[in-house]
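# Below are the sequence and a predicted model; questions follow.
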Amino acid sequence: MTPAFRPLLVLFALTLVAGSADAAKKPAAKPTANAPSACTDFYGNVNASWLRAHPLPAGADGFSRWDEIKALADRQSRELTQAGKSTGSGPASSLLADFVASGQDETEIDADSRKLLAPLLAQVDAIKKPKDLARTLIVLQASGIPVLYDIDVLRDPQNGQPRATLIPNGLGLSDPAFYTSGDPAVQRVAGLYRAYVADLLKFSGVPGAQLAEQSSQAIAIEVQLAQTLAVPNAAAQSVAAANKSYPQLLLADSLKAMNVPASEITFQYPAYFKAVDGMIAKTPVTQWQAYLRAQILHSLAPALATDFRRSYALMVDDGLAKRVPRTQAERVSQLVNDEAADLLSAAYAERYLGAAQEQKADAIGEAIRAATGRAIDRATWLDADAKLAARKQIDAMRLAIAKPATPVSFDGLHFDRGEFAGNLLALRRWQKARAIARLTAPVWPWPVSQAQPVVGFEPAQNRLIVTAAALQAPIFEGKTTASDYGAIGALMAQQIVLGLFGGGEYQAAWMAHGSALVNQYGAYTAIGSNKVDGARTQAQNAADLAGLEIAYDALNTQAPTDWAAKKAFYTAWAAIWARQDRDSAVTAALSSTTYAPAKWRVNGTVINQPDFARVFACKAGQPLFKAAKDQAALLR
C-alpha cells in the first residue's frame, strides 16, 4: 500500500480578480474626460477613472482591483478576529466572538493558563519509567497538545482513501536543518532558540538555577530527532505490527484513547519513530521531563498573554519581527488565522454574504453550467464521444459557491469566555475529532477560506469554487444581472473551460481550434517595442474568450436583454481587469508570463464578440471593429 503524505491543496488554473466597496462607487463604467473611446480602447474607456485614482504605490511593481478586494477581505477578516461580539447570524459567528473575547484580558490570561497547565505539568513530574512517559504522551494527545507525534487522517495519493497517519511533531523549529547545520547564521538561530526554550521553561515553573541545564537537555532530544528527518519517506503497518515495531510508544493504547478506528496506520518518517521508541527506553527520565515541559509551553505559547512569538520570529528571520503581532488583540487575530481557519471562513460568509446574494450567485452558477453544456453541444471540433464525456462532466460538476461542498458542522464545539488557553485546546480537540471521523465518513479539508477572494475550478474533484470574499463589487453586486454575468459569470465560465480543456486528451484539439488567437495577440504591444507572446498566452486568452462567450449566452438565455444590459455586461468584464504595472516589471515578465497584459485581456476578447460593435456603435476602421468573418469563435 502506498503511504499517504500530507497533501498540498491547490486550485487548478486559479484566477484571482478584485474590486472594493469604495472602487465600486466610483463611476468607472462611464467615460471620463480624456478617456479613449470605447471603440478605440475599451479597457481604457471603462477604467479611466480607476486608473487615475489609483497611481502605482511607491515600491510596488503592480496594483490591481484584485489587490483592492484582497485588502478589503483582509480588513474584514481582521475586524472579525478582533471583535468580541457576534457580527453574523450563524453559529460560527457566535463561536468566533466567544473565542476572540476570551483572549482580550491580559491580566487574566496567564493566570488562567497556569491553572490549565498545572495538571499537565504534574503529569510530567510524575513520570518514573518509560511506560509512564508513553502514557503521558497519550494524555497530552487527548488534551490537544500533540508532543513527539501527531495523529491525522490523510488522503491516500493513489486511491484517495482515508488513512490514519502518524506524523513527527517533536521539533520546536520548523526545519531540521536548523539543528544540524554548521552555518554561522544557523548557529545564531540555535542560540536564540536556546533562550526561547529557557523562557518557556521559566514560565512552566523551572527554577532559574536549573534553566540552562534543562534547556540543554530538551534541545539535545530535539537534535537527535532532527537527525532522523533527512529523507522523507513513509510506510504502512497494521496496528498490531506497529505495536511490535515500536513497543515503547504504546500505539494501540494511543489510538484507542483517540477513538481511531483503524486496523492499519501509516508512519511518516519511520526512522523517526524508530528513534523515538529507542530513546524512550534509553534517555533519562529527567531529560524527557525537561523536553516535555518545553514542548507543552511551546504548544500553548500563542494562547498566553506573555508573548514568546517575537523572539521566536527573530530566530528564523529578522524581517519577520516586523510582522509579529504586538498587541493582545493582534495576537488573538493571528491565532485565529493560524488555528481556526474553518471557523473564520464560516463566520466570514455569515457576516458578509446574505442569503439572497448567495442564492443569486448560485443561480448564476447554474446558468453558466447550462450554457457550458450548450456550448459543448455546438462545438464542431469535438466528436460525439468527446461531447458526451464533456456533458457528463458538466452535469456532474459541483458548485461550491460561498460555502464548502460539505458545510462544516460546529456541533460539539463550545468556548468559555474566561478560558483562552482552554478554548484553544477545545478547538484542537474538535478539529482532531473531525479528522478522525474521516476514516468512516471522509469529508476533506476545504482548500481555501471564504475570506480569500478566489474563483477556481478543481478538475480532480470536478467542482467550481467561488468564495464569499470574491462575491463583492465589482466582481459581483447582486443588483444588476447583466453586470454580474459579465464579471463573476464570465470568470466562472473561464475557469470551467480551463478545467475541461487545459489538460488531458482534448487539450491539443482545443489549442488547435483557438490557434487564430496566437497571431491576434502576437500583434499587440506589451511594452515599448515588445509584443505579447501569442503562443505562450494562448491558453489563457482562449479561456478568457470562451468564458465571455458562455457568460453572454447564459445572460441572454435568462431573459431578453436590451442594449443597456448588453453594454453593462461588457463594461463589467472590462472593469474587473483594471490594474497598474511598472514598465520594468512587465518587461521582466515577458519571457515567462502566460497572461496577456490587462488591456489586451479586455480588448482582445470583446473584439471577437459579434454584439460588441453593435452595442457601442463601432465602425469599420476603428481599432475594436472586426468583421464577423474575421472574428475568432471558440464556444459560441
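That came in fine, so what should we check first? Values in this document were obtained by computation on a predicted structure and should not be read as measured data.
# Which residues does stretch 545-555 contact?
Counting by C-beta atoms under 8 Å, 6 or more residues apart in numbering, the neighbours of stretch 545-555 from elsewhere in the structure are 364, 367-368, 370-372, 374-375, 481-482, 485-486, 489-497, 514, 517, 561, 565, 569, 573, 604-606, 608-609, 611, 632-636. Every C-beta, even on glycine, is put in place using the N, C-alpha and C of the backbone.
# In helices only, show me these.
364, 367-368, 370-372, 374-375, 481-482, 490-497, 517, 565, 569, 573, 604-606, 611 (DSSP state H).
# Residue 166 should be in a helix, yeah?
No: according to DSSP: H, G, I helix; E, B strand; the rest coil, the state of residue 166 is strand, so it is not within a helix.
# and it, what does it touch?
If you count contacts by C-beta under 8 Å, 6+ apart, residue 166 has them with 149-151, 251, 265-268, 273.
# Who wins on neighbours among the residues you listed?
Highest neighbour count within those, by other C-beta atoms under 10 Å: residue 251, with 27 neighbours.
# separation between that one and residue 307?
Counting by C-beta to C-beta, to the nearest Å, the separation of residue 251 from residue 307 is 36 Å.
# try residue 613
The span separating residue 613 from residue 307 equals 62 Å under the rule C-beta to C-beta.
# which of these two has more neighbours?
Neighbours of residue 613 and residue 307, each counted by other C-beta under 10 Å, are more numerous for residue 613; the result is 22 against 18.
# tell me which element that one falls in.
Counting by DSSP states H and E, the secondary-structure element that holds residue 613 is helix 610-615.
# Quick one: list the elements packing against that helix.
Using 3 or more C-beta pairs under 8 Å, 6 or more residues apart in numbering; DSSP states H and E as the contact test, the elements touching helix 610-615 are helix 563-575.
# what packs against the helix it packs on?
Packed against helix 563-575 by the contact rule (3+ C-beta pairs under 8 Å, 6+ apart) you find helix 42-53, helix 481-484, helix 538-558, helix 598-606, helix 610-615.
# Give the buried residues for the helix or strand just after that helix.
Under the assignment DSSP H and E, the closest C-terminal helix or strand after helix 563-575 is strand 579-581. Judged by neighbour count using 16 or more other C-beta atoms under 10 Å, the buried positions of strand 579-581 are 579-581.
# Looking at the residue nearest the centre of the chain now. What's its pLDDT?
For the chain, the residue lying nearest the average C-alpha position, counting by C-alpha atoms, centre = their mean, turns out to be residue 448 (3.8 Å). Turning to residue 448, the model gives it a pLDDT of 94.
# Then it would be within a helix, right?
No: with three-state DSSP as the criterion, residue 448 is coil rather than part of a helix.
# And for the nearest residue to it once chain neighbours are set aside, the neighbour number?
Computed as C-beta to C-beta, 6 or more residues apart in numbering, the closest residue to residue 448 that is not its neighbour in sequence is residue 454, at 5.0 Å. Other residues near residue 454 come to 21 when the count uses other C-beta under 10 Å.
# In this model residue 464 seems to touch residue 454, though I could be wrong.
No: when contacts are counted by C-beta atoms under 8 Å, residue 454 is not listed as touching residue 464 (10.8 Å).
# coming back round to it: can you turn the buried part of the ones in helices among the contacts of stretch 545-555 into a PyMOL selection?
Typed into PyMOL, the next command selects the buried ones out of the ones in helices among the contacts of stretch 545-555 (criterion: 16+ other C-beta under 10 Å):
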select buried, resi 364+367+368+370+371+372+374+375+481+482+490+491+492+493+494+495+496+497+517+565+569+573+604+605+606+611
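# low pLDDT regions in this structure?
The chain contains residues with pLDDT under 70 at 1-33, 86, 88, 309-325.
# Quickly find the element holding residue 150.
Element membership for residue 150, per DSSP H and E: strand 148-155.
# Residues touching that strand, excluding its own?
With contact meaning C-beta under 8 Å, 6+ apart, strand 148-155 is reached by 4-7, 137, 141, 161-170, 249, 254-255, 258, 260, 266, 273, 276, 295, 432, 435-436, 438-439, 442, 444.
# buried subset of those?
By the neighbour-count criterion of 16+ other C-beta under 10 Å, these include these buried positions: 4-5, 137, 141, 162-170, 249, 254-255, 258, 260, 266, 273, 276, 295, 432, 435-436, 438-439, 444.
# Strands - which of those land there?
Residues of those located in strands (DSSP state E): 162-169, 266.
# and residue 298, how many neighbours?
Burial measure for residue 298: 19 neighbouring residues, criterion other C-beta under 10 Å.
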